[in-house]
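Chemist: Compute the structure for the input listed below.
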Amino acid sequence: MSQVTFYILNETSNEPVPAQISQACSLAAFYYQQNRKVFIYTDNQQDAFMVDEYLWQFDGDSFVPHNLLGEGPKFGTPVEISWMPPTHPRPILINLSLQLPDFSSNFQQIIDFVPHDEQLKTAARLRYSAYKKLGHTLSTETLLSDTTENSNSNNQTEDK
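Modeler: Modelled structure (predicted):
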C-alpha cells in the first residue's frame, strides 16, 4: 500500500495562490531535485493552470520542468499536472483535489493537505478516512506558517 502524508497548514499563505498550491509546488521542486517524478492532481482545469503558472514563477535557480498532462514530451516532464487521471506511472502523487482520486493506489507515495479553512479541513478528514479504509499507511506533518519546514512528527493519527 501507499504511504500517505497529510501536511497540516496552520495559516493561509502570503503567496498569490492558496497555501496548499504553494506547498505542493515547493514539494514538487524538492522531489524534482531528488530526480523523482511527480503527478499533481487537481479538481479542475482552472486549478491545474494555477499550479502550472505558479511553477513558472519560480526563479531560474529553482526552475522545475513541468507540463500539463498531454503537453510536452511523450512521457512527460518530471512534474505533470492534471485534473484527469495520469497516463504514465509515477511514484509520487500530490493531491490537490477535494476528493480521493480513484487511481491513488497506483502511487508509492501520496501527499495531501489539511488547509486552514474549515470546509477544506472537513474534506481532508473525509479523504484521510478513505485512505485509511483502503489500507494506506498514514502520517501527518505540521507545516509552520510561511515556510516549508515541518515538525517531522510522522505520527499515526486517528480519524476525527
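Chemist: ranges for the strands of this protein?
Modeler: For the chain, the strands defined by DSSP state E cover 3-9, 38-41, 66-68, 79-82, 92-95, 109-114, 137-143.
Chemist: Give me the pLDDT for Asn152.
Modeler: Reading off the confidence values, Asn152 has pLDDT 40.
Chemist: Strand partners (parallel or antiparallel) of the lowest-mean-pLDDT helix or strand in the chain?
Modeler: For the chain, using mean pLDDT, DSSP states H and E, the weakest element among its helices and strands is strand 66-68, scoring a mean of 87. For strand 66-68, the paired strands and their directions (DSSP bridges) are strand 79-82 (parallel).
Chemist: to the chain's geometric centre, what's the distance from the strand it pairs with?
Modeler: 10 Å (Cα atoms, centre = their mean, to the nearest Å).
Chemist: Next: stretch 14-31.
Modeler: 9 Å.
Chemist: model confidence over that stretch, on average?
Modeler: For stretch 14-31, mean pLDDT rounds to 89.
Chemist: next one: stretch 89-107
Modeler: Along stretch 89-107, the predicted local confidence has a mean pLDDT of 95.
Chemist: ok, back up a step: now the least confident helix or strand of the chain, how far from the centre of its chain.
Modeler: Taking the mean of its C-alpha atoms, strand 66-68 sits 14 Å from the chain's own mean (Cα atoms, centre = their mean).
Chemist: mind starting the numbering at 53 from now?
Modeler: Noted, 53 is the first residue going forward, which turns the last one into strand 118-120.
Chemist: buried ones in stretch 91-104?
Modeler: Taking 16 or more other Cβ atoms under 10 Å as the neighbour-count basis, stretch 91-104 is seen to contain the buried residues Phe91, Ile92, Tyr93, Thr94, Asp99, Ala100, Met102, Val103, Asp104. C-betas here are computed from N, CA, C, even on glycine.
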